[in-house]
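> The following block contains a protein sequence and its predicted model.
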Amino acid sequence: MTENTIYIIDVTNRDGVQTSRLGLAKLEKTLLNLYLGEAGVFQSEFGFPVTRHETNYLNANLELAEKGALGRIRLGGWLRAVKEDVEEAFRLVPRLKHLNLSISTSEQMINGKFRGRFSWRDILTKTSEAVDAAKEHGAKSVGVNAEDASRTELGRLVEFAEAGKERGADRVRYCDTLGYDDPFTIYDRVKAIAEAVKIPVELHCHNDLGMAVACSVAGAKGAVDGGVDAYINTTVNGLGERAGNADLVATILAVKKASGFEGKYRLQQIDLSQAWKICNYASLAFRVPIPVNQPAVGENAFAHESGIHVDGTLKDSRNYELYHYSEVGRGHIEQIETGRLITTGEYSGIKGFKNVAGKYELEFRDDEEAREILELVRYANVHTQKPVTEDEMKFIANYPEQARKIMSVQP
């Protein structure tokens, strides 16, 4: 087993929500943070600290983290590597402790995006100033992001990582922004950066060529083989801009089960039995069905029809299944209401609410408290424009003050 560790940083609440024509309500983002925390994910990139409609949500989630409601998960914000943005972020979200600072590094981006406004020297200077500002405001961890790293000359990436490390950055994020890398090139490039700079490397891979998971684990292998910790960015169900990002569950399974990784590379402790719940909630929240052939959680992931396969599976599931369905939280019986159904929504009354709350084993001190929670549940229905789930209702009942803040967006 290697000495260094691979950590998971899920970016669903930052990159996943940037998916065109999709999005999440702040309550749904909060539930995802809660689920990710239950699963033991190292960090959630939970949003944009300088985006005003995120302010209440971000502050409330940091309060929840301080209360221990989200487990040990760290909450990290995403910012441009601009000193003024860092200053504004800590003004709006003063409890912020973890953040990533992003700037484009490729020649294509410097010429085609910045249009000559910044030179390579300016890129390094702006990043250094932003890291300094973050550290001055008490940031406990800072990552520096090289956007379009896969199209950036390797020598410049080394220089970028060195500049960040010199100012106190904790890791460098290698962003395969266009999904341009393949597993072989990203392994070589990340290993070279790790060996040259001795700084942990974070992998952020997109799926434009269908290789986001493969590139993520290959990059992580390069970092660990180069002598440093690796951090892999994932999204639940692989959602993200264009063709998406590295899928959370598939990435974890690849590191845990693939022949070149199992027993050889150390993955942070993850409770994969939460996979089914997390993926199905994200599917409901994003309104995007899980593909039938999705690893681990797709409808056909453990389905067998061919005679030879069925015979072999019934004799020993290991003949045709690489891992057991119970490992990813499957195998339970799901009950579906087919008779009378009482639901809660924006126009619910106290009697109907108490009926549903009773099924969820929620208890209230008195009618006044019940009515207070009912009012918040009504707001939740307006807020998400979906039926309120059992876990959403339980969250609201347990943390009404934070729930009220999360669902408050003030232009």
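Sure thing, it's come through.
> Quick check, residue 374 in contact with residue 345.
No - distance between residue 374 and residue 345: 10.8 Å, which falls outside the contact criterion (CB atoms under 8 Å). Glycine gets a C-beta too; all of them are placed from N, C-alpha and C.
> if I look at those two, which residues touch both of them?
Shared contacts of residue 374 and residue 345, defined by CB atoms under 8 Å, 6 or more residues apart in numbering, are absent.
> So for the two, which residue has more residues nearby?
Neighbours per residue, other CB atoms under 10 Å: of residue 374 and residue 345, the larger number sits with residue 374, 23 against 15.
> quick one: that one from residue 56, how far?
Look at residue 374 and residue 56: by CB to CB, to the nearest Å, they are 21 Å apart.
> Against the centre of the protein, work out the most remote residue.
Residue farthest from the centre of the chain, counting by CA atoms, centre = their mean, is residue 307 at 39.4 Å.
> Could you report the pLDDT at that residue?
With respect to pLDDT, residue 307 scores 90.
> same check, this time on residue 116
Per-residue confidence at residue 116 stands at 83 (pLDDT).
> With residue 358 instead?
pLDDT recorded at residue 358 is 89.
> Could you do the one 3 residues further on as well?
We note a pLDDT of 91 for residue 361 in this prediction.
> just checking, residue 142 touches residue 96?
No - counting by CB under 8 Å, residue 142 stays clear of residue 96, with 10.9 Å between them.
> Return the residues in contact with residue 40.
71, 72, 73, 268, 269, 270, 271.
> does residue 8 sit in a helix, a strand or a coil?
Secondary structure, DSSP: H, G, I helix; E, B strand; the rest coil: residue 8 is strand.
> Likewise for residue 327?
Under three-state DSSP, residue 327 comes out as helix.
> ok, now which ones touch it?
272, 273.
> same deal with residue 371?
The contact partners of residue 371, by CB under 8 Å, 6+ apart, come to residue 350.
> how about the helix or strand in which it is found: buried residues?
In this assignment (DSSP states H and E), residue 371 forms part of helix 367-384. Neighbour-count burial for helix 367-384, counted by 16 or more other CB atoms under 10 Å, picks out 370, 373, 374, 376, 377, 378, 379, 380, 381, 383, 384.
> could you show me where the strands are in the stretch 151-300 of the chain, in order?
In the stretch 151-300 of the chain, the segments counted as strands under DSSP state E, counting those that start in this stretch are 171-176, 201-205, 230-234, 266-267.
> and of the ones you listed, who's closest to residue 284?
Of all the strands of the stretch 151-300 of the chain, strand 230-234 sits nearest to residue 284, with 18.9 Å by CB to CB.
> who touches residue 250 in this structure?
Going by CB under 8 Å, 6+ apart, residue 250 touches 213, 238, 294, 295, 296.
> What about those residues, which one has the most neighbours?
Busiest of the contacts of residue 250 [other CB under 10 Å] is residue 213, holding 26 neighbours.
> For residue 254, see how far away it is.
Separation of residue 213 from residue 254 (CB to CB): 6 Å.
> Mutual contacts of the two, please.
Here residue 213 and residue 254 have no joint contacts, going by CB under 8 Å, 6+ apart.
> before we move on, the earlier item: got a markdown table for the contacts of residue 250, with distance to residue 120 too?
Listed next are the contacts of residue 250 as a markdown table, based on distance: CB to CB, whole Å:
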| residue | distance to residue 120 |
| --- | --- |
| 213 | 32 |
| 238 | 33 |
| 294 | 41 |
| 295 | 40 |
| 296 | 43 |
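> So which of those residues is the closest to residue 338?
Closest to residue 338, out of all of these and judged by CB to CB, is residue 294, at 27.2 Å.
> where do the helices sit along the stretch 301-411 of the chain?
Per DSSP state H, counting those that start in this stretch, the stretch 301-411 of the chain carries helices over the ranges 307-315, 350-359, 367-384, 390-398, 400-406.
> out of those, nearest to residue 232?
Using CB to CB, these put helix 390-398 closest to residue 232, at 26.2 Å.
> What helices and strands are in contact with the closest one?
Under the contact criterion of 3 or more CB pairs under 8 Å, 6 or more residues apart in numbering; DSSP states H and E, helix 390-398 touches helix 26-39, helix 350-359, helix 367-384.
> Does residue 227 touch residue 191 like I think?
No - at 9.1 Å, residue 227 and residue 191 do not qualify as touching, with contact defined as CB under 8 Å.
> Quick check: the residue lying closest to residue 260 once chain neighbours are set aside vs residue 265, distance?
Nearest non-adjacent residue to residue 260, counting by CB to CB, 6 or more residues apart in numbering: residue 221, 7.6 Å away. Distance, residue 221 to residue 265, using CB to CB: 7 Å.
> if you count what's nearby, which of those two comes out ahead?
Neighbours were counted for residue 221 and for residue 265 using other CB under 10 Å; residue 221 has more, 25 against 21.
> That one and residue 191: what is the separation?
Residue 221 is 8 Å from residue 191, where distance means CB to CB.
> Kindly report the same for residue 170.
19 Å.
> what's the answer for residue 127, then?
From residue 127 across to residue 191, the span is 23 Å (CB to CB).
> which one of the two has more residues nearby?
Relative neighbour count places residue 127 above the other of residue 127 and residue 191, with 25 against 21, counting by other CB under 10 Å.
> residue contacts, residue 335?
Neighbouring residues of residue 335 by CB under 8 Å, 6+ apart: there are none.
> oh, I was asking about residue 99
49, 76, 77, 78, 79, 86, 89, 134, 139, 141, 142, 143.
> Neighbours of the first one, how many?
Residue 49 is surrounded by 23 other residues when neighbours are defined as other CB under 10 Å.
> re earlier: between helix 350-359 and the helix holding residue 371, find me the angle.
Orientation check (axes from the mean of the first three to the mean of the last three CA atoms, to 10 degrees): helix 367-384 against helix 350-359 gives 90 degrees.
> quick check: domain ranges of this protein?
The chain resolves into domains spanning 5-281, 350-405 when parsed by automatic domain parsing.
> Turn the ones you listed into TSV, columns for distance to residue 329.
Output for these, formatted as TSV (distance: least, CB to CB, whole Å):
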stretch	distance to residue 329
domain 5-281	4
domain 350-405	14
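> which of those domains has the lowest average pLDDT?
Among those, domain 350-405 scores lowest, at a mean of 94.
> circling back: quick one: which of the contacts of residue 250 is nearest residue 245?
Using CB to CB, residue 238 is the member of the contacts of residue 250 that lies nearest residue 245, at 6.1 Å.
> Could you pull up the contacting residues of that closest one?
Counting by CB under 8 Å, 6+ apart, residue 238 makes contact with 207, 212, 244, 245, 246, 247, 248, 250.
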